[in-house]
Structure formats: structure tokens, C-alpha cells
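>>> Sequence below, structure please.
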Amino acid sequence: NLGLGEGAPIIGSPFAWPSTKMPNEVFSSMAGMTFLKMNGATFSATTYPKLALLYPDLKLPDLRGEFIRGWDDGRGVDTGRTLLSAQSGMSYDHRHYMPTTSGSGGDGLMTAIFHDNTTAIDYHIEGTNEYNQNPSSGTTLQTYTAKAYSGSSKFGDESRPRNIAFNYILRAV
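Next comes the predicted model:
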């Protein structure tokens with residue numbers, strides 16, 4: 001028995017918590033512990049001396065809306081990072097290029113018909129005489145029109161994996 005009660009976390013280690021109430025407010029066995037949100041707040045080394053050993057600048061990382069990423073530690077996939085360093089977000093162009101009249105793929109206005117369950121595809125590039133008609137007989141085709149260009153509201157400017165929001169907190173005492 002390590003005497004950790006309710007599986008209490010190690011002081012200073014962030015963890016995902018599914019409530020706005022702190023663990024000591026939910027579990028009476030944790031009443032003597034103090035938990036803090038990982039929200040970028042500063043703290044006192046006098047009040048939290050063990051926490052100050054782990055966060056010597058006396059400021060907690062702000063994990064609101066952030067993902068935690070494993071430190072590279074010399075592996076070479078995320079070089080130049082130090083422990084507790086933040087990384088700015090990356091954004092990608094979400095356009096999917098399809099050939100236009102120039103044949104190179106790009107930003108042209110296009111009407112496309114995609115046919116499910118067969119290899120038949122019917123498309124027409126608006127403003128051109130370019131067609132490809134090969135639908136199977138007796139099928140219903142759906143038509144979608146999209147205008148793809150840089151800055152279009154039809155395409156996002158951000159990439160992120162699917163996620164679920166948790167409250168990142170840590171044990172301070």
C-alpha cells in the first residue's frame with residue numbers, strides 16, 4: 001500500500017479530468033489535497049514548494065484547448081523542442097485538386113457528378129466543353145457544385161484530429 005488513496009496522482013503531473021469540480025470536491029478521501037487547473041496561472045513557491053521544483057518559472061502551462069505531445073528526447077521527429085515548450089499550430093490547405101481545363105488541377109469552378117457503387121463518373125467543368133459521361137444505365141446520379149479557391153469559405157484553414165474536451169488539472173499538494 002503506497003498510501004495514495006483513491007489512486008491520487010503524483011504532484012505536478014497533468015491529467016485529464018472529466019469535471020469542473022476538483023477531485024477533492026468529489027472524493028472525501030482527497031479532501032487534504034489541492035488541485036489546480038492547467039490554465040497558465042502563476043503560483044507561489046512558498047505555498048507549493050514541490051510544484052515549484054517541477055515548474056521553476058512558477059507558472060503552469062496553459063493546456064486549455066491544447067493537446068499534450070510526447071517530448072522528442074533525441075528521437076529526431078520533433079527536433080529542437082525542450083520540455084514544456086509550446087508549439088504553434090499548423091494549418092493546411094484543405095482543397096482537393098481536380099483537373100480543370102488546364103489539366104494541372106486547381107481552382108476552377110467545377111460541377112461533378114459522383115455515382116455510387118460503380119466506377120462510372122460523370123463530370124462537367126463549368127465554362128468549358130469538357131465532359132466525361134459514363135453512367136450505368138438506369139441509375140440515379142447526384143450532382144454537387146463546388147468552387148475551390150484559396151480563401152474560399154468552403155475549405156477550412158485548420159487541421160486537427162477528432163477530440164473530446166477534458167479539463168487538464170494537476171495535484172499541487
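
>>> Please enumerate the strands of the protein.
Listed in chain order, the strands of the chain (DSSP state E) span 15-17, 35-37, 109-114, 121-124, 131-132, 142-147, 167-171.

>>> Can you tell me which helices and strands the second one packs against?
Right, strand 35-37. Judged by 3 or more C-beta pairs under 8 Å, 6 or more residues apart in numbering; DSSP states H and E, strand 35-37 is in contact with strand 167-171. In short, each C-beta sits where N, CA and C put it, glycine included.

>>> who does the strand it packs on touch, helix- and strand-wise?
Using 3+ C-beta pairs under 8 Å, 6+ apart, strand 167-171 is in contact with strand 15-17, strand 35-37.

>>> any idea which of those strands is most buried?
Of all the helices and strands packed on strand 167-171, strand 35-37 carries the top mean neighbour count, a mean of 18, counting by mean count of other C-beta atoms under 10 Å.

>>> Next, the distance between the ends of stretch 24-42.
21 Å (C-alpha to C-alpha, to the nearest Å).

>>> buried ones in that stretch?
Along stretch 24-42, the positions that meet the burial threshold by neighbour count (16 or more other C-beta atoms under 10 Å) are 24, 30, 33, 34, 35, 36, 37, 38.
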